[in-house]
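> Okay, here's the prediction I keep looking at, along with the sequence it came from:
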Amino acid sequence: MPRHCTLFLCLIAATIFTTPTQACTDFLFTRGATTDGSTIITYMADSYYLYGELYYHAPSVNPPGTTLGLYHKDGIPQITIPQPEHCFNVVGYINDHQVAMGESTFTGRRELWATPQKGIDYGTLIWIVLQRVTSARQAIVELTTLLDRYGYCNNGESFSISDTAEVWILELMSKRAEYDTVKGKPVLKKQYRGYRDGAVWVARRVPDGYVCGHANQARITTFPQEPTRWNKTKGQGLHRAISSRHLDYIYEPEVECVYSDDVIAFARMRGYFDGKDEDFSFADAYNPLEFETIRACDARIYAMFLKLNKDVRRYERYAMGDATAERLPLWIKPEHKVSIHDVMQLTRDHYEGTLMDMTQGIGAGEYGCPYRALPLRWSLDGNRYVNERPVSTQQTGFSLIAQCRANMPDKLGGILWFGVDDTYSTVYCPLYCGITVPPECFRQGNGSLTRYSTTSAFWLFNRVANFAYSRYSDMIKDIQQAQFELETSFIQAVADFDHKAANANDSTLVAMENNFCSNLASQMMNRWTALDQYLLMKYMDLNAKESDDRGNLRLPSFGTAQQPLTPNHSTNYYRQLVNERGHLIGYPQNEDQSNSQAIPDNY
């Protein structure tokens with residue numbers, strides 16, 4: 001193919017545009033922590049500006065000289081990167097070699113990223129990496145090499161990286177010289193000898209049998225470091241930790257920590273650290289703790305940890321925002337192993353059972369709604385306050401659970417359980433990593449935040465969830481019943497399909513997976529459409545109709561619905577109402593009610 005044609009294809013077809021996701025939550029589960037021995041990572045992408053759809057990147061075979069053009073969001077060319085000969089199939093955030101990734105952003109040192117610079121953003125970085133790698137360790141090499149060569153243009157970032165054998169957490173911070181902004185453009189103020197713009201980073205392997213998590217706050221503190229006297233011998237189990245100077249040793253199985261060789265030195269240069277190397281903490285240097293980042297970020301990981309190990313209660317004071325309290329550990333060992341359905345439930349949390357329980361208090365209203373409108377922080381009479389930021393939140397665009405299963409063909413072993421909108425009311429639909437045709441309800445371009453689509457899962461699930469917020473404590477029970485029915489049936493369907501497709505050849509398997517996943521997505525859409533209609537019939541006009549054990553609305557003999565059930569408000573709700581407006585709505589104290597003719601409720 002002529003060179004100019006190759007460039008033309010790259011500019012049009014191989015261009016990646018960044019979709020910002022500003023607040024996310026990731027949970028990480030190792031093989032020894034799951035009931036079936038799979039590795040699992042979750043990724044909840046939360047932003048009021050994020051539309052819930054499935055990003056898909058088709059596999060390709062690239063002629064020599066093929067390049068990938070990266071463009072700024074305004075269409076200005078940024079970087080051109082050589083493409084490998086083969087790019088793998090990527091379904092959302094898992095490829096067809098069962099490598100999966102997720103992320104969450106943290107603010108970190110603002111002076112290291114506030115001035116715009118050319119480089120790769122974190123979203124694009126994930127998709128480029130997943131198209132090129134066959135293992136988690138290779139993903140670490142590819143990711144950090146790309147940053148070293150082409151720079152990084154975002155703030156702090158935590159990445160989840162998994163394959164069938166291992167789960168890693170990698171955290172990085174933008175590494176910049178000092179700049180001033182003059183007439184809207186960056187002007188170099190101070191360069192540091194021996195350093196160039198890019199990123200500093202640390203990656204740690206989660207010990208088998210443990211679970212980890214991150215949520216918009218750097219989590220890696222101190223970490224193992226390589227010895228000052230390096231032993232070049234491979235295959236002897238001598239390299240527990242390596243720096244980027246010895247990145248070629250990363251495939252030694254004993255390696256459990258990898259870090260950029262300048263991560264400590266750069267912190268010293270910028271004045272973030274002045275202690276001994278062995279005492280260096282990545283999180284303390286590049287993302288120091290504050291009340292707000294603990295309460296709104298690490299508290300989410302605390303909530304998940306607490307469900308898996310009751311001893312985590314000891315960190316509640318820290319989770320409440322006390323930076324002087326004992327810090328939440330990077331990972332914990334759960335008291336029991338978790339199934340894929342357990343993980344689905346772990347993504348659903350509003351701090352129930354903790355001091356931060358969002359179903360309680362006046363903010364939850366008369367129906368215990370665990371959601372709060374913006375702002376996240378607010379002030380009154382000179383004091384500052386926060387609204388809690390839970391795992392389950394109304395602004396979720398999409399969430400996923402990436403499951404990587406060993407001892408199975410890769411295209412059959414990897415599953416992306418995908419859901420849209422609020423995790424508490426979503427349904428996780430299985431998408432095998434080998435599919436080449438995403439289901440219509442998740443397809444990119446099927447609707448947007450400003451264009452409604454009747455065939456979009458995002459809009460249908462938002463219809464149900466937003467209606468439920470008006471009478472949450474009642475409607476959520478109906479939603480959870482439908483959710484449980486679908487998810488448990490999907491889990492069984494996957495088990496049956498695994499058995500049926502075990503001996504299929506590659507092309508047959510992909511066709512079977514496309515059909516299977518599309519059918520399940522259609523079942524989900526049909527069930528949720530029926531639920532949307534049912535909730536409207538049952539809860540119209542601020543009341544509720546009675547239903548039987550199967551959910552059927554009760555009808556008396558003359559063919560109309562039963563008298564609506566009046567809301568069962570709490571005593572606390574009535575007390576608040578009386579305290580505020582009792583003098584206006586109360587009956588006269590001296591009225592004789594012995595012959596009172598009560599007004600019917602349906603007047």
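Great, that's in hand.

> Tell me what Val211 is bridged to.
In this entry, Val211 is beta-bridged to Phe29, Ile332, by DSSP bridges.

> Going along the chain, name the helices of the protein.
Using DSSP state H, the helices found in the chain span residues 3-13, 122-130, 136-150, 263-270, 282-286, 291-293, 299-308, 316-319, 340-346, 410-413, 457-468, 472-501, 506-539, 571-585.

> For Arg109, which of those is the nearest?
Counting by C-beta to C-beta, Arg109 lies closest to helix 282-286 out of the helices of the chain; the figure is 5.8 Å. The way it works is simple: take the backbone N, C-alpha and C, and place the C-beta from them, glycine included.

> Report the rounded mean pLDDT for the closest one.
Helix 282-286 comes out with an average pLDDT of 98.

> Who are the packing partners of it?
Identification of packing neighbours for helix 282-286 by 3 or more C-beta pairs under 8 Å, 6 or more residues apart in numbering; DSSP states H and E yields strand 167-175, helix 263-270.

> mind listing what the longest one pairs with, with the direction of each?
Strand 167-175 has the following sheet partners, assigned by DSSP bridges: strand 156-162 (antiparallel), strand 198-205 (antiparallel).

> Would you reformat those as JSON lines and include distance to Ile585, mean pLDDT and mean neighbour count?
As requested, the strands paired with strand 167-175 are arranged in JSON lines below (distance: least, C-beta to C-beta, whole Å; pLDDT from 0 to 100; neighbours: other C-beta atoms under 10 Å):
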{"stretch": "strand 156-162", "distance to Ile585": "52", "mean pLDDT": "97", "mean neighbour count": "27"}
{"stretch": "strand 198-205", "distance to Ile585": "60", "mean pLDDT": "96", "mean neighbour count": "25"}
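
> Can you lay out the helices and strands packed on helix 282-286 as JSON lines showing mean pLDDT, distance to Thr393 and mean neighbour count?
Conversion of the helices and strands packed on helix 282-286 to JSON lines gives the following (pLDDT from 0 to 100; distance: least, C-beta to C-beta, whole Å; neighbours: other C-beta atoms under 10 Å):
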{"stretch": "strand 167-175", "mean pLDDT": "96", "distance to Thr393": "22", "mean neighbour count": "26"}
{"stretch": "helix 263-270", "mean pLDDT": "94", "distance to Thr393": "32", "mean neighbour count": "20"}
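
> Which among those is found nearest to Gly413?
Of all these, it is strand 167-175 that lies closest to Gly413, at 15.3 Å by C-beta to C-beta.

> the inter-axis angle of that closest one versus helix 122-130?
Interaxial angle, strand 167-175 versus helix 122-130 (axes from the mean of the first three to the mean of the last three C-alpha atoms, to 10 degrees): 130 degrees.

> the inter-axis angle of strand 167-175 versus helix 136-150?
Taking the same axes, to 10 degrees, strand 167-175 and helix 136-150 form an angle of 10 degrees between their directions.

> for strand 167-175, the distance to its chain's centre please.
Between the centre of strand 167-175 and the centre of its host chain there is 16 Å, according to C-alpha atoms, centre = their mean, to the nearest Å.

> same deal with stretch 344-360?
Using C-alpha atoms, centre = their mean, the mean C-alpha position of stretch 344-360 is found 16 Å from that of the whole chain.

> picking up where we left off before, do you know which of the helices and strands packed on helix 282-286 lies nearest Gln98?
Nearest to Gln98 among the helices and strands packed on helix 282-286 is strand 167-175; the distance by C-beta to C-beta comes to 12.2 Å.

> thinking again about what came up before, generate a markdown table for the strands paired with strand 167-175, with distance to Val99 as supplementary columns.
Listed next are these as a markdown table, based on distance: least, C-beta to C-beta, whole Å:
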| stretch | distance to Val99 |
| --- | --- |
| strand 156-162 | 7 |
| strand 198-205 | 14 |
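
> and of the helices of the chain, who's closest to Gly235?
Gly235 lies closest to helix 136-150 among the helices of the chain, at 15.9 Å (C-beta to C-beta).

> Mean pLDDT per helix and strand in this protein: which one sits at the bottom?
Between all helices and strands in the chain, the lowest mean by mean pLDDT, DSSP states H and E belongs to helix 3-13, at a mean of 28.

> related to what we said a few turns ago, so which of the strands paired with strand 167-175 is nearest Ala303?
Distances from Ala303 to each of those were compared using C-beta to C-beta; the shortest belongs to strand 156-162, at 17.2 Å.

> ok so, going back, switch the helices and strands packed on helix 282-286 over to TSV; also include distance to Ile585.
Listed next are the helices and strands packed on helix 282-286 as TSV, based on distance: least, C-beta to C-beta, whole Å:
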stretch	distance to Ile585
strand 167-175	55
helix 263-270	62
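
> so which of those gets nearest Gln360?
Proximity to Gln360 (C-beta to C-beta) singles out strand 167-175 among the helices and strands packed on helix 282-286, at 32.5 Å.

> how big is the angle separating that closest one from helix 263-270?
Following the same axes, to 10 degrees, one obtains 30 degrees for the angle between strand 167-175 and helix 263-270.

> Just the CA atoms of strand 167-175, as PDB, please.
Provided in PDB are the C-alpha atoms of strand 167-175 (Å, rounded to 0.1, in the frame of the first residue of the first chain):
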ATOM      1  CA  VAL A 167      -3.600  -8.700  39.200                       C
ATOM      2  CA  TRP A 168      -1.500  -5.600  39.500                       C
ATOM      3  CA  ILE A 169      -2.100  -2.000  40.600                       C
ATOM      4  CA  LEU A 170       0.000   0.700  38.900                       C
ATOM      5  CA  GLU A 171       0.000   4.300  40.000                       C
ATOM      6  CA  LEU A 172       1.600   7.200  38.200                       C
ATOM      7  CA  MET A 173       2.000  10.900  38.400                       C
ATOM      8  CA  SER A 174       2.700  13.400  35.600                       C
ATOM      9  CA  LYS A 175       6.400  14.500  35.700                       C
END
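
> coming back round to it: tell me which of the strands paired with strand 167-175 sits nearest to Gly397.
The stretch from these with the least distance to Gly397 (C-beta to C-beta) is strand 156-162; that distance is 17.4 Å.

> ok, and what's touching that closest one?
26, 28, 39-41, 43, 99-109, 113, 122, 126, 136, 139-140, 143, 167-174, 203, 214, 218-219, 286-287, 402, 404 (C-beta atoms under 8 Å, 6 or more residues apart in numbering).

> Between the helices of the chain, which one is closest to Gly237.
With distances scored as C-beta to C-beta, the stretch of the helices of the chain nearest to Gly237 is helix 136-150 (16.1 Å).

> which other helices and strands contact the closest one?
strand 77-82, helix 122-130, strand 156-162, strand 167-175, strand 198-205.

> which parts of it are buried?
Of the residues in helix 136-150, those buried under the neighbour-count criterion (16 or more other C-beta atoms under 10 Å) are 136-144, 146-148, 150.

> Measure how buried the nearest residue to Lys307 once chain neighbours are set aside is and give me the count.
Excluding the flanking residues, the one nearest Lys307 by C-beta to C-beta, 6 or more residues apart in numbering is Leu346, at 6.2 Å. Here the number of neighbours of Leu346 (other C-beta atoms under 10 Å) works out to 23.

> and the gap between Leu346 and Gln481?
Taking C-beta to C-beta, to the nearest Å as the measure, Leu346 falls 19 Å from Gln481.

> Show me the beta-bridge partners of the residue positioned nearest the centre of the chain.
With distances taken as C-alpha atoms, centre = their mean, the chain has Met44 as the residue nearest its mean C-alpha position (1.9 Å). In this entry, Met44 is beta-bridged to Thr25, Ser399, by DSSP bridges.

> distance of it from Arg389?
As for Met44, its distance to Arg389 is 12 Å (criterion: C-beta to C-beta).

> now do Tyr71
As it turns out, when the distance is counted by C-beta to C-beta, Tyr71 lies 32 Å from Arg389.

> Neighbour count for these two, which is higher?
Arg389 (23 against 16).

> just checking, the more buried one touches Ala296?
Yes - counting by C-beta atoms under 8 Å, Arg389 touches Ala296, with 4.0 Å between them.

> what sits in contact with each of these two?
Taking C-beta under 8 Å, 6+ apart as the contact definition, Arg389 and Ala296 share the neighbouring residues Leu376.
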